[in-house]
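K.L.:
Dropping a prediction and its sequence here:
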Amino acid sequence: MRGSLDAAVVETTPSDVPRLSMPAPGTAGGIETSELGRIVDGSGPVTVTCVDYCPDQIEIQRVDDLREFLARHRPAWSHVRWINVDGLDRMDVIQALAEKYGLHPLAIEDILRTHERAKAEDFPGHEDQPGRLFIVARTIDRRDDRLHSDQLSMFLGRTTLLTFQGAHPQDLAPIRQRIATPGSRLRENDASFLLYVLLDGIVDRYFPILERYSDWLGDLEDEVLEHPSQSTLEQIHRVKRELLTIRRAAWPLRELIGHLQRERHETLSPTAQTYLRDVHDHCVQIIDLIESYREIANSQAETYVSVVSNKTNDIMKVLTIIGTIFIPLTFLAGVYGMNMPIPENASPLAYPFFWIVCGAVATSMIVWFRRRGWL
C-alpha cells in the first residue's frame, strides 16, 4: 500500500468518490481486477482491520501493509478471519483483496458503485476455489439532521468474511468487543454467524431512527391541531419523503434476509440460518412501523387541509354575517343621506330615532342568527 493508512474517518464529498465510467453497449458487465488500476483513486481515508479468532484466542490488528499481510498465512489456530475495509478510495486495496480471495468481477463492480439495492448473490466454487456468498445491505443513518442510506458489501466464505464500507462507515467496534469477550456466542461459531451479527446490527439501527419519527409525528399532530402553518405542512411532507427513503432501504433488506433464511448455501451454517429468523421478524416489524407512520403522515396532511379549510370557512362566515347585518343599515343610511327634502328632517328627534332604528335592526338580526345557529 502507498503510505500509511489513517484510522480517522472523515466525511467526503461526492467528488472524492472514485469515478466509474458506464460500460460501452455490448461489453461484458463487471470490473476485472486488472481494470482496477485504471480507476482514479479518491481522496478519502481507507482503514483495513483484520480480526482472527477461535473459541480460545483472538487477534485484532490494523493492516498498514496489505500486500505483506496477504502474503502471510493466517494463524493455524484461527477459525474465522474477518477483514473489514472502511473507505473505497484506494483501488490497490480492493485489487489486492480481489486477487487474494478471487472476487467475481460483477461483485467488484457492485462494491464500487455504492448504490445497489440489498441483495444476495451466490458465486459457486470451482476446482480449488470455494464458493462464496456476496451480500449487499443498506444501512440508514442521520448526519447533520439529514437521512442517509449507505451500502455495506460482504463476501462470505467458509472461514473468511470480507466487508467493505464507503465514505460513512458503520461503527463496528461493539461487534469487535463482543468477539473479544471470552465465551461469547460469536467466538463459538463460524463466519456465517458473524454475518448474521452484522445483519442484525444493521436492522436494529432502524428502530431508534423510526422512534425519532414517532416523536416527530406526535409533535406535528399537536401543531396541526393548534397552530397549523405552511411550515407544518412542509415538515409533514419531509417526514413522508424520508419514510419513503427508509422503506426503499428496508423492503429489499427484508427480502434479502428471507432469501438467506430459506435458501441453502455451503457457507451458511444451520445455526446462522436459525438466528436469521429473528432478523427477518425485526425486518417485518420495521416495515409495519414504516407503513403505520406513513399512514399517520398522510392523515396529518389531510387534517391540516381540513383545519385550514375550516378556519377559512369560519372567517368567511363571520365576514358574510357582518356584511349581511350592514346591508339594511346601508340602505337606511343611503335613503336618509340623499340630497332631497325628507319630512322627518324637520323634527329634532329624527336623527336619534334613525340610530335607534339602525340599532334595533342590527340587534334583531344578530339574535335571529344566533337562534338559527349561524353564530
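P.N.:
Yep, it's here.
K.L.:
Show me the helices in the protein, by range?
P.N.:
When assigned using DSSP state H, the helices of the chain occupy the ranges 66-71, 91-101, 105-113, 173-180, 185-188, 191-204, 206-226, 230-262, 270-336, 350-371.
K.L.:
want to try CSV for those helices, with distance to residue 152 and mean neighbour count as columns?
P.N.:
All C-beta atoms are positioned from the backbone trio N, CA, C, and that covers glycine. Compiled in CSV, the helices of the chain are given as follows (distance: least, Cβ to Cβ, whole Å; neighbours: other Cβ atoms under 10 Å):
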stretch, distance to residue 152, mean neighbour count
helix 66-71, 20, 14
helix 91-101, 15, 19
helix 105-113, 10, 19
helix 173-180, 12, 14
helix 185-188, 18, 16
helix 191-204, 7, 21
helix 206-226, 14, 15
helix 230-262, 11, 18
helix 270-336, 14, 15
helix 350-371, 67, 12
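K.L.:
Ok, which of the ones you listed comes nearest residue 81?
P.N.:
Distances from residue 81 to each of the helices of the chain were compared using Cβ to Cβ; the shortest belongs to helix 191-204, at 7.8 Å.
K.L.:
Summarise which helices and strands that closest one is packed against.
P.N.:
Contact analysis of helix 191-204 by 3 or more Cβ pairs under 8 Å, 6 or more residues apart in numbering; DSSP states H and E lists strand 80-86, strand 132-143, strand 146-156, strand 160-165, helix 173-180, helix 185-188, helix 230-262, helix 270-336 as its packing neighbours.
K.L.:
ok, residues contacting that helix?
P.N.:
Among residues not part of helix 191-204, those counted as contacts by Cβ atoms under 8 Å, 6 or more residues apart in numbering are 80-82, 135, 137-139, 152, 154, 156-161, 163, 170, 172, 174-175, 178-179, 185-186, 253, 257, 260, 267-269, 271-272, 275-276, 278-279, 282-283, 286.
K.L.:
next one: stretch 327-335
P.N.:
Counting by Cβ under 8 Å, 6+ apart, the neighbours of stretch 327-335 from elsewhere in the structure are 354, 357-358, 361-362, 365.
K.L.:
Relative to residue 317, which of the residues you listed is nearest.
P.N.:
In terms of Cβ to Cβ, no member of these lies closer to residue 317 than residue 365, at 14.5 Å.
K.L.:
In contact with the closest one, which residues are there?
P.N.:
Residues in contact with residue 365 (Cβ under 8 Å, 6+ apart) are 324-325, 328.
K.L.:
same question, residue 258
P.N.:
By Cβ under 8 Å, 6+ apart, the contact list for residue 258 reads 280, 283.
K.L.:
what does residue 303 give?
P.N.:
221, 224-225.
K.L.:
Tell me how far the closest residue to residue 294 other than its chain neighbours lies from residue 210.
P.N.:
Excluding its sequence neighbours, the residue lying closest to residue 294 (Cβ to Cβ, 6 or more residues apart in numbering) is residue 243, at 5.1 Å. Spatial separation of residue 243 from residue 210 under the definition Cβ to Cβ, to the nearest Å is 9 Å.
K.L.:
Dump the helices and strands packed on helix 191-204 to JSON lines, plus mean pLDDT and distance to residue 31.
P.N.:
As requested, the helices and strands packed on helix 191-204 are exported to JSON lines (pLDDT from 0 to 100; distance: least, Cβ to Cβ, whole Å):
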{"stretch": "strand 80-86", "mean pLDDT": "93", "distance to residue 31": "16"}
{"stretch": "strand 132-143", "mean pLDDT": "88", "distance to residue 31": "14"}
{"stretch": "strand 146-156", "mean pLDDT": "88", "distance to residue 31": "13"}
{"stretch": "strand 160-165", "mean pLDDT": "93", "distance to residue 31": "13"}
{"stretch": "helix 173-180", "mean pLDDT": "90", "distance to residue 31": "29"}
{"stretch": "helix 185-188", "mean pLDDT": "90", "distance to residue 31": "32"}
{"stretch": "helix 230-262", "mean pLDDT": "90", "distance to residue 31": "22"}
{"stretch": "helix 270-336", "mean pLDDT": "86", "distance to residue 31": "29"}
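K.L.:
Can I get these in CSV including distance to residue 43?
P.N.:
CSV is the format used below for the helices and strands packed on helix 191-204 (distance: least, Cβ to Cβ, whole Å):
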stretch, distance to residue 43
strand 80-86, 15
strand 132-143, 19
strand 146-156, 18
strand 160-165, 17
helix 173-180, 25
helix 185-188, 35
helix 230-262, 27
helix 270-336, 35
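K.L.:
what pLDDT, on average, does stretch 111-131 get?
P.N.:
If you average the pLDDT over stretch 111-131, you get 78.
K.L.:
Show residues contacting that stretch.
P.N.:
With Cβ under 8 Å, 6+ apart, stretch 111-131 has contacts from 17-18, 20, 31, 39, 88, 94, 102, 104, 106-107, 110, 132-138, 150-151, 153, 157-158, 164, 166, 248-249, 252-253, 255-256, 259-260, 263, 265-267.
K.L.:
do stretch 273-287 as well
P.N.:
Residues external to stretch 273-287 that are found in contact with it (Cβ under 8 Å, 6+ apart): 193, 196, 199-200, 203-204, 206-207, 210, 247, 250-251, 253-254, 257-258, 260-261.
K.L.:
please redo it, this time with the cut-off set to 10 Å
P.N.:
140, 185, 189, 192-193, 195-197, 199-204, 206-207, 209-210, 246-247, 249-251, 253-265, 268-269 (Cβ atoms under 10 Å, 6 or more residues apart in numbering).
K.L.:
do you know which of the helices of the chain lies nearest residue 58?
P.N.:
Of all the helices of the chain, helix 173-180 sits nearest to residue 58, with 5.7 Å by Cβ to Cβ.
K.L.:
Cool, thanks, signing off.
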